[in-house]
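Novice: Pasted the sequence and its predicted model underneath.
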Amino acid sequence: MSLPPFLNLYKDIIAIPSISSTDSSWDQSNLQVINQLATWLEQLGFKNEIEAVKNAPGKYNLIATLGEGDGGLLLSGHTDTVPYDEKLWTTDPFTVVEKDDRLYGLGTIDMKGFFVFIIEALKEIDLTKLKKPLRILATADEETSMAGAQQIGQQKKFKPDYAIIGEPTGLSPVVMHKGNMSEGIRITGRTGHSSDPEAGLNAIEVMYLVINELKKVQQKLKDNYSNPHFKVPYPTLNFGAIHGGDSPNRICGCCELHIDMRPIPGLTTNELFMMIKQALSEIEKRYPKSVDVYHLHEPIPSYQCPLHSDLIENAEIYTGNSAESANYCTEAPFIQQLGCDTIVLGPGHIAQAHQADEYLDLSFVKPTKSVIEKMIKHYCS
């Protein structure tokens with residue numbers, strides 16, 4: 001049985017909803033997408049392993065392998081999409097619409113469509129001539145917890161020499177990006193009547209002290225850390241949300257602050273977390289058991305491909321584009337745990353991701369197929 005043509009493959013994969021969300025009313029299993037990819041890849045001679053993601057019930061990874069042993073090339077992507085706002089979309093998100101030299105649909109670039117490019121490139125290659133293993137990895141829940149990629153990185157079942165993650169980079173090789181940390185700081189005070197403020201412990205007033213200390217950390221990061229490859233060269237700390245109190249005539253008993261931090265390569269998520277803890281240590285001593293610092297989600301490390309890697313050199317040659325950095329996060333730091341040089345490289349632009357009327361510009365079709373073919377032949381032949 002022959003595989004469907006390019007456009008039909010695209011239509012089939014986009015038609016399968018696979019939203020991941022922290023909101024349970026949106027969250028969906030990705031198993032149907034995994035099964036469809038496995039069916040297509042099996043027709044090309046791949047051996048498939050479908051595994052449940054332990055920390056994400058109902059979610060699955062696919063490891064499809066052509067060849068034996070370690071080494072070779074890994075092509076990787078995630079099978080989930082973000083939710084969508086039906087009122088803002090002018091087309092059905094799950095129906096690929098071709099218009100104005102574009103393919104519209106949820107996941108066309110971010111990033112189920114990348115698997116279609118892989119399959120289309122494989123159609124043009126004599127796979128019997130490959131001498132090193134080629135693996136296709138399809139992960140779950142990148143848009144929320146990255147649980148799928150984290151599990152792959154922890155298991156270390158295989159070790160490719162090189163890996164390419166097909167996120168939308170405008171077909172420019174991304175070789176480093178910042179990490180992401182979302183942290184919560186909760187102050188638990190003692191409530192009471194506002195007519196006697198000293199009878200309680202006002203959580204808002206303690207949070208004021210916390211913010212002052214975090215402002216110092218903010219400046220310390222700016223003064224002491226720098227990477228010129230990023231538009232914002234230093235690690236950032238952003239005050240994102242604050243909630244506290246319930247009435248002006250009560251002493252505030254609880255106040256919570258949520259912050260976002262973006263570590264650069266060379267600064268680990270644990271170092272940054274401990275920097276926050278150290279900054280608040282005196283406040284914790286002054287108000288015992290009143291200060292709680294915790295992760296809102298598991299931290300995502302920063303990532304950098306070794307700058308000497310010939311993967312970068314070949315990516316620049318094959319695409320005609322220079323390597324660059326990115327401010328968004330990907331699964332790269334977890335894939336890199338497999339021991340392989342890793343870059344992020346795929347069709348479409350990040351500006352179209354997470355937007356209504358997401359689309360793939362058809363001008364990416366030929367060059368993307370060509371790059372994938374060249375990479376497979378170079379690293380697996």
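Specialist: All right, it came through fine. In this text the structure is predicted, and so the values were computed from the model without any measurement.
Novice: Please name the nearest non-neighbouring residue to Ile13.
Specialist: Lys112 (4.9 Å; Cβ to Cβ, 6 or more residues apart in numbering). From N, CA and C alone the C-beta is placed, and that goes for glycine too.
Novice: Helix, strand, or coil at Val175?
Specialist: Here Val175 is recorded as strand under DSSP: H, G, I helix; E, B strand; the rest coil.
Novice: For it, give me the pLDDT.
Specialist: On pLDDT, Val175 comes in at 98.
Novice: Surely the residue nearest to Ile13 and Pro93 touch.
Specialist: No. Look at Lys112 against Pro93 with Cβ atoms under 8 Å: they stay out of range, at 11.8 Å.
Novice: And Lys366, which helix or strand is it part of?
Specialist: For Lys366, the host element (DSSP states H and E) is helix 365-380.
Novice: Could you list the buried residues of that helix?
Specialist: Across helix 365-380, burial judged by 16 or more other Cβ atoms under 10 Å covers 365, 368-369, 371-376, 379-380.
Novice: and the gap between Asp126 and Ala332?
Specialist: 30 Å (Cβ to Cβ, to the nearest Å).
Novice: Look at those two and report which has more neighbours.
Specialist: Neighbours per residue (other Cβ atoms under 10 Å) separate Asp126 from Ala332, with Ala332 holding more: 28 against 8.
Novice: For that one, give me its contacts.
Specialist: Counting by Cβ atoms under 8 Å, 6 or more residues apart in numbering, Ala332 makes contact with 165, 177, 303, 305, 342-344.
Novice: Of those, which belong to strands?
Specialist: Members of the contacts of Ala332 lying in strands (criterion: DSSP state E): 165, 177, 303, 342-344.
Novice: Pipe these into a markdown table and attach neighbour count per row.
Specialist: Output for these, formatted as a markdown table (neighbours: other Cβ atoms under 10 Å):
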| residue | neighbour count |
| --- | --- |
| Ile165 | 29 |
| His177 | 27 |
| Tyr303 | 26 |
| Thr342 | 28 |
| Ile343 | 23 |
| Val344 | 28 |
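Novice: Run a quick neighbour tally on the residue nearest to Leu221 when sequence neighbours are not counted.
Specialist: Among residues not flanking Leu221 along the chain, Pro235 sits closest, at 4.5 Å (Cβ to Cβ, 6+ apart). Close neighbours of Pro235, defined as other Cβ under 10 Å, add up to 28.
Novice: State the distance from Pro235 to Glu324.
Specialist: Counting by Cβ to Cβ, the gap from Pro235 to Glu324 is 19 Å.
Novice: cool, Asp126 as well?
Specialist: Asp126 is 33 Å from Glu324, by Cβ to Cβ.
Novice: for Leu296, same thing?
Specialist: From Leu296 to Glu324 the distance is 29 Å (Cβ to Cβ).
Novice: do the same with Thr22
Specialist: Separation of Thr22 from Glu324 (Cβ to Cβ): 30 Å.
Novice: Pick out whichever of the two has more residues nearby.
Specialist: Neighbours per residue (other Cβ under 10 Å) separate Thr22 from Glu324, with Glu324 holding more: 16 against 11.
Novice: Skipping adjacent residues, who's closest to that one in space?
Specialist: Leaving aside its sequence neighbours, Glu324 sits nearest to Ser172 (Cβ to Cβ, 6+ apart; 5.5 Å).
Novice: show me where the protein has helices.
Specialist: Listed in chain order, the helices found in the chain under DSSP state H are 6-14, 31-43, 113-123, 147-155, 203-224, 269-279, 281-286, 310-319, 332-335, 365-380.
Novice: got JSON lines for these, with mean pLDDT and distance to Trp89 too?
Specialist: Converted to JSON lines, the helices of the chain look like this (pLDDT from 0 to 100; distance: least, Cβ to Cβ, whole Å):
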{"stretch": "helix 6-14", "mean pLDDT": "98", "distance to Trp89": "13"}
{"stretch": "helix 31-43", "mean pLDDT": "98", "distance to Trp89": "20"}
{"stretch": "helix 113-123", "mean pLDDT": "97", "distance to Trp89": "17"}
{"stretch": "helix 147-155", "mean pLDDT": "97", "distance to Trp89": "26"}
{"stretch": "helix 203-224", "mean pLDDT": "98", "distance to Trp89": "38"}
{"stretch": "helix 269-279", "mean pLDDT": "97", "distance to Trp89": "35"}
{"stretch": "helix 281-286", "mean pLDDT": "98", "distance to Trp89": "47"}
{"stretch": "helix 310-319", "mean pLDDT": "98", "distance to Trp89": "31"}
{"stretch": "helix 332-335", "mean pLDDT": "98", "distance to Trp89": "29"}
{"stretch": "helix 365-380", "mean pLDDT": "98", "distance to Trp89": "23"}
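Novice: I'm done for today, thanks for sticking with me.
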